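**Q** Just a sequence and a predicted model for now, questions to come.
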Amino acid sequence: MSIWLQLEQAERGERHPLAEVLAAIPWNADGLITAIAQQHDSGEVLMLAWMNREALLETLTTGRVCYWSRSRQTLWRKGESSGHRQRLIEARLDCDGDAVLLRVDQQGPACHTGRPNCFYNAIRDDAVEVITAPPSQ
């Protein structure tokens, strides 16, 4: 029985070794998993990024969120240049292991545009409306 089926049928409080679960993650062809960052206290979805195994392990080990930059092909420690870091509160895998939810304490804006989160383009009727102002220059 796969680890994902075992977890699906597990009772509350049941535990499985992290190494076993990480080994079973269905990483995509590039060795990545989708990572969603959420503000831990408000529930606000901040951003979506990607993690490889190294980034996920570093995040779990240090408590400072690290992603994989697909454009730069390197580890990206959130806030290393902007100072807008994410401190990991809790990591959760979805039911089939192909996405990770990072409940974080965001320090400063999460988006590279300076907005609080990356989801400021609302699809409304037949248009896309910007619903969060850019930061003042």
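**A** That came in fine, so what should we check first? Numbers count the residues shown, from 1 in each chain.

**Q** what's the distance between residue 59 and residue 39?
**A** As judged by Cβ to Cβ, to the nearest Å, residue 59 and residue 39 stand 16 Å apart. In short, each C-beta sits where N, CA and C put it, glycine included.

**Q** who has more neighbours, those two?
**A** Between residue 59 and residue 39, counted using other Cβ atoms under 10 Å, the more crowded position is residue 59 (23 against 18).

**Q** quick one: that one is in a helix?
**A** Yes. The assignment for residue 59 is a helix, going by DSSP: H, G, I helix; E, B strand; the rest coil.

**Q** ok, which stretches of the chain are strands?
**A** 33-39, 45-51, 66-69, 74-77, 86-93, 99-106, 121-124, 127-130 (DSSP state E).

**Q** Partner strands of the third one, with direction?
**A** Meaning strand 66-69. Strand 66-69 has the following sheet partners, assigned by DSSP bridges: strand 74-77 (antiparallel).

**Q** Apart from its chain neighbours, what residue comes closest to residue 48?
**A** residue 36 (5.4 Å; Cβ to Cβ, 6 or more residues apart in numbering).

**Q** what bits of this protein have low per-residue confidence?
**A** Scanning the chain with the threshold set as pLDDT under 70 gives 137.

**Q** who touches stretch 73-90?
**A** Identification of contacts with stretch 73-90 by Cβ atoms under 8 Å, 6 or more residues apart in numbering yields 37, 40, 46, 49, 54-55, 58-60, 63-69, 102-110, 112.

**Q** go with 7 Å
**A** The contact list for stretch 73-90 (Cβ atoms under 7 Å, 6 or more residues apart in numbering) reads 37, 40, 54-55, 59, 63-69, 102-110.

**Q** Check stretch 33-40 too.
**A** By Cβ under 7 Å, 6+ apart, the list of residues contacting stretch 33-40 reads 25, 27, 44-51, 65, 67, 86, 89, 98-106, 110.
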